[in-house]
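Colleague: Got a predicted structure plus its sequence, pasted below:
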Amino acid sequence: MKNSIGNNLILTIFGESHGEAIGAVLDGLCPGIAIDDEFIKKQLQKRRPQGLYETARIEKDEYKIISGVFNGFTTGAPLTIIIPNEDTRSKDYEKLHGLARPSHADYTAHLKYYGFEDYRGGGHFSGRVTSSIVAAGAICMKALENLNIKIASHILKCQDITDKNFSADIEKEIDQLNAIDFPVIADIKDDILNIFVKAKNNLDSVGGVIQTAIVNLPGGLGEPWFDSVEGMIAKGVFAIGAVKGIEFGAGFDFARLYGSVANDSFRIIDEKIVTTTNHNGGINGGITNGMPIIFNTAIKPTPSIAQKQQTINFLNHTNTDIEINGRHDPAILRRICVVIDSIVAIIVYDILITRLGSNIFLKNK
């Protein structure tokens, strides 16, 4: 099982949903990055469930950094974060052992690991493990903010409700999104919550589309082929289990555009090279051009639903039905935004130091 990503900053995640703890190791951080405990807690709080429309499993996420930090700053050695699991109910999964929950990794995990996998709560495949990504990502995000590089995501679509796209006032919108718990730009929170509640009442779930923006990245980052900026971001984002699609800039809408519309014209404005539109999402030839990076991510409906579904018992090779009871989200759209931001912060940090060296984060020290 490969659990690491990165070239010069390497993230490794570990743990299972119902194990003793989950965690992450960041290897390649430069020394001297301030550890902002309040910011890490704030980011973890964004991922934590809220209200009746999300899971009843409430973990405190009282993380502990056990290496790589001294006197409040990174040392340059591998940084290890551990987050205990406390609110587990493993008995909920005893009767599900051997049943392939539709759209879950139960069956494929059994094929790969020959029955030795921890099946409780999805084990290592569980969304619970994303808490470690959020904690690690918070460290990278604060380092990026010192370079005025900002990242934010919002719920762009859920069923028939659509938020505004990022506008020309994108940096202000990013700041606003990072300051609130329910990430939307327009006044549509209640409309989306109504969809969540309706899905829950129908023993069902919903998915949607998340839009993410990265601003103030310098041009010239990335590689033209196999380490393109799109490819590296996509690899990180696709590691999140609920993600089933990603598009940069206009994405699939390019299929209906003429080149005269799709092309982003270059101009020099106030001595700065910019494009008059941003259909390519800030990337040309796999390399950043200095414009905001914008991409959309498709999130599938939460697979754990209480409706009766057809499945198999892969231990005794029989057909059967399944009803998944327990503590599950009818939608993870709000909670997943901070997870996407966090993995993107880690990837962007890696892209930056690959091009400019880790001392880029020490320039103001």
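Modeller: All right, it came through fine. Numbers count the residues shown, from 1 in each chain.

Colleague: Any chance you could list what contacts stretch 235-254?
Modeller: If you take CB atoms under 8 Å, 6 or more residues apart in numbering as the criterion, stretch 235-254 is touched by 5, 105, 125, 127, 130, 207, 230, 233-234, 257, 262, 278-283, 293-300, 302, 332, 336, 339-340, 343-344, 346-347. Quick note: C-beta positions are derived from backbone N, CA and C, even for glycine.

Colleague: Alpha carbons of that stretch, as CSV, please.
Modeller: Taking C-alpha atoms only, stretch 235-254 is exported to CSV below (Å, rounded to 0.1, in the frame of the first residue of the first chain):
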residue,chain,number,x,y,z
LYS,A,235,-3.0,13.4,-8.3
GLY,A,236,-3.4,14.9,-4.9
VAL,A,237,-7.1,15.7,-5.2
PHE,A,238,-7.9,12.3,-6.6
ALA,A,239,-6.5,10.7,-3.5
ILE,A,240,-9.6,11.9,-1.7
GLY,A,241,-12.0,9.0,-1.9
ALA,A,242,-15.1,10.9,-2.9
VAL,A,243,-13.5,12.7,-5.9
LYS,A,244,-14.6,11.3,-9.3
GLY,A,245,-13.6,14.2,-11.7
ILE,A,246,-11.6,17.3,-12.0
GLU,A,247,-11.5,20.1,-14.6
PHE,A,248,-9.2,23.2,-14.9
GLY,A,249,-10.5,26.5,-16.1
ALA,A,250,-13.3,26.1,-18.6
GLY,A,251,-12.6,22.3,-18.5
PHE,A,252,-15.2,20.3,-20.4
ASP,A,253,-16.9,23.5,-21.5
PHE,A,254,-14.0,23.8,-24.0
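
Colleague: any weak-confidence spans in the stretch 101-250 of the chain?
Modeller: Along the stretch 101-250 of the chain, no part satisfies pLDDT under 70.

Colleague: show me where it has helices.
Modeller: Using DSSP state H, counting those that start in this stretch, the helices of the stretch 101-250 of the chain run over 106-113, 130-145, 170-178, 189-201, 229-238.

Colleague: what's Asn289 in contact with, if anything?
Modeller: Contacts for Asn289 (CB under 8 Å, 6+ apart) come out as Gly219, Thr275, Asn280, Gly282, Ile283.

Colleague: farthest-separated two in those?
Modeller: The span of the contacts of Asn289, defined through CB to CB, is set by Gly219 and Asn280 at 12.6 Å.

Colleague: Mind checking which of those two has more residues around it?
Modeller: For Gly219 versus Asn280, neighbours defined as other CB atoms under 10 Å are more numerous around Asn280 (21 against 14).

Colleague: What is the neighbour count of Glu86?
Modeller: Glu86: 13 surrounding residues under other CB under 10 Å.

Colleague: typo on my end, it should be Asn201
Modeller: Asn201 is flanked by 9 other residues according to other CB under 10 Å.

Colleague: do Ile346 as well
Modeller: 24.

Colleague: Next, the angle helix 170-178 makes with the one helix or strand it maps to.
Modeller: If you go by DSSP states H and E, Ile346 is part of helix 333-356. With axes from the mean of the first three to the mean of the last three CA atoms, to 10 degrees as the basis, helix 333-356 and helix 170-178 are set at 130 degrees to each other.

Colleague: elements contacting helix 333-356?
Modeller: With contacts taken as 3 or more CB pairs under 8 Å, 6 or more residues apart in numbering; DSSP states H and E, helix 333-356 sits against helix 37-47, helix 130-145, strand 150-158, strand 208-215, helix 229-238, strand 293-299.

Colleague: Let me know the average pLDDT across the shortest one.
Modeller: When you say that, I think you mean strand 293-299. Averaging pLDDT along strand 293-299 yields 98.

Colleague: I'd like the next helix or strand past it.
Modeller: Scanning forward in sequence from strand 293-299 by DSSP H and E, the next helix or strand is strand 309-313.

Colleague: partners of the following helix or strand past that next one in the sheet?
Modeller: Once strand 309-313 ends, the next helix or strand along the chain (criterion: DSSP H and E) is strand 318-322. With DSSP bridges as the test, strand 318-322 is paired with strand 309-313 (antiparallel).

Colleague: what residues does the partner strand touch?
Modeller: Gly98, Leu99, Ala100, Arg101, Pro102, Tyr107, Thr318, Asn319, Thr320, Asp321, Ile322, Glu323.

Colleague: most surrounded residue in those residues?
Modeller: Within those, neighbour counts (other CB under 10 Å) peak at Leu99, which reaches 21 neighbours.

Colleague: Spatially, what comes nearest to the residue nearest the centre of the chain if we skip its sequence neighbours?
Modeller: In the chain, the C-alpha nearest the mean C-alpha coordinate belongs to Ile340, at 2.2 Å (CA atoms, centre = their mean). With sequence-adjacent residues excluded and distances taken as CB to CB, 6 or more residues apart in numbering, Ile340 is closest to Ser153, at 5.0 Å.

Colleague: Isn't that neighbour up against Ala345?
Modeller: No: in this structure Ser153 lies outside contact range of Ala345 using CB atoms under 8 Å: 11.1 Å.

Colleague: Assign a three-state SS to Ile66, would you?
Modeller: Put simply, Ile66 is strand when judged by DSSP: H, G, I helix; E, B strand; the rest coil.

Colleague: Is there a neighbour count for the residue nearest to it when sequence neighbours are not counted? I'd like the number.
Modeller: Spatial nearest neighbour of Ile66, chain neighbours left out: Thr80 (5.1 Å); criterion: CB to CB, 6+ apart. Number of residues near Thr80 (other CB under 10 Å) recorded here: 19.

Colleague: ok, the closest residue to Phe125 other than its chain neighbours - contacts?
Modeller: Distances taken as CB to CB, 6+ apart place Ala105 nearest to Phe125, at 4.2 Å, with adjacent residues excluded. Going by CB under 8 Å, 6+ apart, Ala105 touches Gly122, Phe125, Gly241.
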